[in-house]
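# I would like to see how this sequence folds:
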Amino acid sequence: MMMKGAHFPTAAAFALLALATFHLVSASDPSPLQDFCVALNTTQTAVSAVFVNGKFCRDPKLATADDFFFSGLRIPGNTSNPLGSKVTPANVEQIAGLNTLGISLARVDYAPNGGLNPPHTHPRATEVLMVMEGTLYVGFVTSDNRLFTKVLYKGDVFVFPVGLIHFQFNTGKVKAVAIAALSSQNPGVITIANAVFGSNPPINLDVLTKAFQVDNNVVQYLQKQFWYDNN
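Next up, the predicted model:
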């Protein structure tokens with residue numbers, strides 16, 4: 001009986017540790033401590049040299065309906081570019097009222113016959129994409145190099161997990177349009193080709209030739225290209 005009693009405190013301690021660990025693992029960003037925090041343009045303040053994780057808040061008494069409004073997603077994006085696509089964001093830069101709310105949107109327009117939103121990542125957001133018009137071939141690659149792809153039609157939805165490389169390609173003969181919801185007020189975007197071959201200053205030639213196992217001339221050719229940004 002004494003041995004069973006001796007083990008009880010240890011078992012209880014492990015149970016408490018497991019419970020505490022569960023709460024730590026399942027934690028997320030803190031909830032806002034007020035109804036909203038309309039972003040303040042720091043260039044208009046005396047503390048414009050100070051960087052914070054997010055944006056400063058305007059006095060809520062000065063907020064208006066326009067702080068929560070954006071009409072830009074009703075306007076089709078111009079797809080007359082080398083990629084045949086255009087992303088129109090609706091994040092905290094366009095909607096000041098999104099500050100601290102952890103969500104944003106984007107409209108993506110794709111030209112017929114091959115409009116491409118090229119392989120890219122969002123370092124701070126998971127993306128949920130819904131096709132509004134047309135047909136899209138979409139996919140993402142996991143950290144163990146597994147490719148998940150699907151052909152989407154009007155009304156279909158696909159999820160791109162946070163940080164993973166993903167893409168969308170218009171396989172149809174007509175234009176396509178999609179709306180993306182992202183789990184950050186400022187999801188960020190890193191387009192793979194632009195980052196690797198269009199960085200400023202350029203990545204060392206020896207690094208890229210060895211990484212891609214190609215000739216120097218190939219890398220130099222790629223670095224000389226104009227890498228269009230569709231965002």
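# What are the phi and psi values at residue 212?
phi -100, psi 0 (degrees, to the nearest 10).
# What about it, how many residues nearby?
Using other CB atoms under 10 Å, residue 212 has 13 other residues around it. For the C-beta atoms, the positions are set from N, CA and C on the backbone; glycine is no exception.
# quick one: low-confidence parts of the chain?
Along the chain, segments meeting pLDDT under 70 span 1-31, 42-53.
# Now do the contacts for the residue nearest to the spatial centre of it.
The C-alpha lying nearest the average C-alpha coordinate of the chain belongs to residue 122 (CA atoms, centre = their mean; 2.9 Å). Applying CB atoms under 8 Å, 6 or more residues apart in numbering to residue 122 gives the contacts 160, 162-163, 182, 184, 187-190.
# Doesn't residue 181 belong to a strand?
Yes: assessed by DSSP: H, G, I helix; E, B strand; the rest coil, residue 181 belongs to a strand.
# Excluding chain neighbours, what is closest to it?
Computed as CB to CB, 6 or more residues apart in numbering, the closest residue to residue 181 that is not its neighbour in sequence is residue 128, at 4.7 Å.
# hey, where'd the helices end up in this protein?
Applying DSSP state H to the chain gives helices spanning 2-25, 192-197, 205-212, 216-224.
# Just the buried residues of the shortest one, please?
Think helix 192-197. 194, 196-197 (16 or more other CB atoms under 10 Å).
# in terms of contact, does residue 187 touch residue 120 like I think?
No: the pair residue 187 / residue 120 is not scored as a contact, 10.7 Å apart, by CB atoms under 8 Å.
# from the chain's centre, how far out does stretch 133-146 sit?
Taking the mean of its C-alpha atoms, stretch 133-146 sits 14 Å from the chain's own mean (CA atoms, centre = their mean, to the nearest Å).
# Show me what counts as buried in that stretch.
Using 16+ other CB under 10 Å as the test for burial, stretch 133-146 gives 134-136, 138-141.
# Which members of these occur in strands, if any?
Among the buried residues of stretch 133-146, DSSP state E puts 136, 138-141 in strands.
# Name the nearest of these relative to residue 92.
Nearest to residue 92 among these, counting by CB to CB, is residue 140 at 24.5 Å.
# any idea how far the closest residue to the closest one other than its chain neighbours lies from residue 124?
Nearest non-adjacent residue to residue 140, counting by CB to CB, 6+ apart: residue 166, 3.8 Å away. With distances taken as CB to CB, to the nearest Å, residue 166 is found 14 Å from residue 124.
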